[in-house]
Each structure stands twice: as C-alpha cells, then as structure tokens.
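Undergrad: My questions are about this predicted structure, shown below with the sequence.
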Amino acid sequence: MVQSMPDASPAKWHRAHSTWFFEQFLLIAHLPGYRVFDERFAYLFNSYYVAAGPRHARPFRGLLTRPTCKEIAAYRMHVDEAVERLLAGAASGELAQVLRVLEIGLHHEQQHQELLLTDILHAFAGNPIAPAYDARWQPPRAGAASNEFAELPGGIHTVGFVGEGYCFDNEQPAHRVFAQPARIARALVSNAQWLEFMADGGYVTPSLWLSDGWAVVEAGPWRAPGYWHSLDGSWRTMTLAGERPIDPRSPVVHVSYYEADAFARWAGKHLASEQEWEIAARADLLDDAFGVVWQWTRSAYLPYPGYRAAAGAIGEYNGKFMINQMVLRGSSHATPAGHARASYRNFFYPQARWQFSGVRLVEYDGAPSRPQ
Ligand SMILES: [Fe+2]
C-alpha cells in the first residue's frame, strides 16, 4: 500500500482500481441484478471519472490500510465470476457492446500492469537499502547500437489507427499529414551519449533548456537522469533488480521531456514529431521502436482532426487529458506483450521521469548542427 508520490499509486490500489473499472463500466451497466461487492469501493477506487461519482484524492491512496489485500483479492474474484456470468448469458444483440467494454477494460488493465512496475520501482528507489523487485530482472537493452540515420521520406502520409484489432480512441481518426524530409536515428540514445552530455555541462548550461525545464533542473537540482547517483566517481542507477552500475551501451531511461529536449539541442538534433515517429515505425526504419523504452516526441498531446471523446464517464478515459502533456511513442520493456503498436499514443507531463522513458533523435536539412 506504499505510495511514494502523488503520481505513483500503491500496488493494492492498482489491483482494486482495475477491478472497479470492470464493475463500473461492464457489470453495473450490462449485468441485470449484479450485486456490487462493496458500495464504498467506488469512492476508494475510482481514479478520475468525474461522471462516475466522487472519489478519494489521489495523493492519499497510500492511506488505504483497509480494505486489506485479501479483501481486494475477494473483490476481484467476485467481479471475475460476474464477468463470466455476463459473457455466458449476454443476449446476442448486446454481446458486441459487452465485448467492446470488456476489451477496453483488458487494455486498461494492461496499462496498469506497466504502472505497477514503474510505481514499485519509484517506491523502492526511495528506500535506502534499494530493494530488488526481481533479482533476475534485466534492465532495458537495445538490440542495436548504430549511429546511422535513416531517410524519412517527406510528403503526405497517413497516421493514426487503421485496420483490425484494438486501439484507444485517441489513435483515431486516422488522417493525412504532410512531413518534411528528415533523417531519423535508427538507435535510441545510449547511456554513453548521455554521460557525454553530462560531462559537457548539459545540466548546468541554461541555453540548452526550455525555460520551464530549467526551472525544474534548478529546483531539483537535477544533474543526471532519474534514479542515477554517483558512488566513488562512477554512476549507478536503481532498477527493478536493485541498484546496478550504469551500462554505457544501454539506452538512457528515466529522463523527462525537458531532458530529452535539452539533450537533442546539445547534440545539434531534434526530437521527432509523433507523426514522424509513426511514419518511420511503419516503414520499419527504427531499431528498438518497441519493448525497450518509450520515446519522447516533440508533439503536444492533442486531439486528431475531428476527434470526439465518447459520451459518458468512459469518454473521460483519454480526451480530457489533451492539454499540457507530451506524447511518447513505442513501448517499454515493462509494457505487456501485445499492447504496443505504431499508432499508440502514450502521454505524460514534461517533467515526469519515473516511467521507462528514453530518447530518439531526428535531423533536418539546412538546420544548424549546434545552437549559436
Ligand atoms: Fe485507470
């Protein structure tokens, strides 16, 4: 039940909240006679769905010593049994809608499975004995370490989700965009490159930083990525396997948008737009697009042309967050298998760095290689 910061939720809360999601949006709406497990749980485990009723304040989730883990397990069993009943008895006319909400619930739970790991890591990183979540856990490793940039063809491209399978509403409507010709890095930015940035005064050179970013760097103060600390002159980091030395060949991880942006400026490059990233991923130009670290783009998280959130509480899932956040693309080594796709849009506030977030660069013709 530990909560190390307002953004990171307790493991028990994640389990209860993903269970509540099925109860609220699937069972109450579609299973006649469904008996709510505990009337009080909606208040405790509703995250941000205003239309679904009042809720416990996010920063205080760690105070929920009760219900116990055992009660949460019983809650889940109760909901699982009811979902099975619903699926067995749904009228054919209603089954399509039931399956649609069930599918959203499963993808929602996958998102929380990743958050369970990022939030446990944040809590363990705050513990002076640096506990290992799993001693066999391997930190993210890049499959390739090339310095190559791939030609990204300019012109009109279609981005957004098309075809069969699942997508979140924020991946649609698919639409056409115009892209400038560019070159995109095949590889992710590595720890070795990040150490060069640090050695060159990256964290103490205000001209490299956005104003808001510099304020965060100074307030920290930040001198390295999240979870890094220096011991006897060498850098170490906290991982799910406990504390480990920095591997120069591994991709940098736990950097904020502000850091990604400052690094790109220092390197004389840029961050890709989310459209460029998607075009490149679809053209198979990227090594480690998926399954290693999320990649910050320079795109603000905004609605696609013509986007409308669905009516009702479930419409609050994505649409109302389309302000003040930046898009990350790809997926991380903590993302459940099958959850990653070229059109997937992850989003976080620019100062956030407890996710498995890294950097990929892009360059353009005619751009100065270094700021003057
Ligand atoms: Fe959620």
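TA: Yes, it's here.
Undergrad: wait, doesn't Ser234 sit right on Pro245?
TA: Yes. Counting by Cβ atoms under 8 Å, Pro245 is a contact partner of Ser234 at 6.5 Å. Every residue, glycine included, has its C-beta placed from N, CA and C.
Undergrad: list the contacts for Trp214?
TA: Pro206 (Cβ atoms under 8 Å, 6 or more residues apart in numbering).
Undergrad: ok but it is inside a strand, no?
TA: No. Secondary structure of Trp214, determined by DSSP: H, G, I helix; E, B strand; the rest coil: helix, with no strand assignment.
Undergrad: hey, where'd the helices end up in the stretch 151-300 of the chain?
TA: 191-199, 211-219, 257-266, 274-282 (DSSP state H, counting those that start in this stretch).
Undergrad: so which of those helices gets nearest Ile156?
TA: Closest of those to Ile156 is helix 274-282, at 10.4 Å (criterion: Cβ to Cβ).
Undergrad: Name the residues that touch that closest one?
TA: 150, 152-153, 157, 159, 177, 179, 182, 184, 272, 286, 289, 295, 297, 299, 327, 329-330, 342-343, 345, 360, 362.
Undergrad: can you rerun that using 7 Å?
TA: Residues external to helix 274-282 that are found in contact with it (Cβ atoms under 7 Å, 6 or more residues apart in numbering): 150, 152, 157, 159, 177, 179, 182, 184, 286, 289, 295, 297, 299, 327, 329, 342-343, 345, 362.
Undergrad: likewise stretch 360-369?
TA: By Cβ under 7 Å, 6+ apart, stretch 360-369 touches 149, 180-185, 188-189, 264, 267-272, 276, 295.
Undergrad: still on that earlier bit, any chance of the helices of the stretch 151-300 of the chain in a markdown table, with mean pLDDT and distance to Gly226 too?
TA: Putting the helices of the stretch 151-300 of the chain into a markdown table (pLDDT from 0 to 100; distance: least, Cβ to Cβ, whole Å) gives the following:
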| stretch | mean pLDDT | distance to Gly226 |
| --- | --- | --- |
| helix 191-199 | 97 | 12 |
| helix 211-219 | 98 | 12 |
| helix 257-266 | 98 | 9 |
| helix 274-282 | 98 | 22 |
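Undergrad: longest helix anywhere in the protein?
TA: Longest helix in the chain, counting residues (DSSP state H): helix 92-125.
Undergrad: Please spell out which residues along it are buried.
TA: By neighbour count with 16 or more other Cβ atoms under 10 Å, helix 92-125 contains the buried residues 98, 101-102, 104-105, 107-112, 114-125.
Undergrad: I'd like to know which of the contacts of stretch 360-369 are buried.
TA: Listed as buried from these are 149, 182-185, 188-189, 264, 267, 269-272, 276, 295; burial here means 16+ other Cβ under 10 Å.
Undergrad: Out of these, flag the one nearest to Pro54.
TA: Out of the buried ones among the contacts of stretch 360-369, the member with the shortest distance to Pro54 (by Cβ to Cβ) is Gln295, at 37.0 Å.
Undergrad: Quick check: bridge partners of that closest one?
TA: With DSSP bridges applied, Gln295 shows beta-bridge pairing to Arg329, Gly358.
Undergrad: Was I right to think it contacts Met326?
TA: No. Using Cβ atoms under 7 Å, Gln295 makes no contact with Met326, being 11.1 Å away.
Undergrad: Can you flag which of the contacts of stretch 360-369 belong to strands?
TA: Residues of those located in strands (DSSP state E): 149, 182-185, 270-271, 295.
Undergrad: What ranges does the stretch 1-150 of the chain have for its helices?
TA: Counting by DSSP H, counting those that start in this stretch, the helices of the stretch 1-150 of the chain are 11-22, 28-30, 41-45, 69-89, 92-125.
Undergrad: Format the ones you listed as JSON lines; extra columns: mean pLDDT and distance to His229.
TA: JSON lines is the format used below for the helices of the stretch 1-150 of the chain (pLDDT from 0 to 100; distance: least, Cβ to Cβ, whole Å):
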{"stretch": "helix 11-22", "mean pLDDT": "98", "distance to His229": "25"}
{"stretch": "helix 28-30", "mean pLDDT": "95", "distance to His229": "47"}
{"stretch": "helix 41-45", "mean pLDDT": "97", "distance to His229": "35"}
{"stretch": "helix 69-89", "mean pLDDT": "97", "distance to His229": "32"}
{"stretch": "helix 92-125", "mean pLDDT": "96", "distance to His229": "10"}
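Undergrad: which residues are common contacts for Gln295 and Met326?
TA: Counting by Cβ under 7 Å, 6+ apart, nothing touches both Gln295 and Met326.
Undergrad: Low-confidence ranges, the stretch 151-300 of the chain, go.
TA: Nowhere does the stretch 151-300 of the chain drop to pLDDT under 70.
Undergrad: The residue minimising distance to the centre of the chain bridge partners, please.
TA: Nearest residue to the geometric centre of the chain (Cα atoms, centre = their mean): Asn346, 5.0 Å. Asn346 has these beta-bridge partners by DSSP bridges: Leu328.
Undergrad: That one and Gly330, how far apart?
TA: With distances taken as Cβ to Cβ, to the nearest Å, Asn346 is found 8 Å from Gly330.
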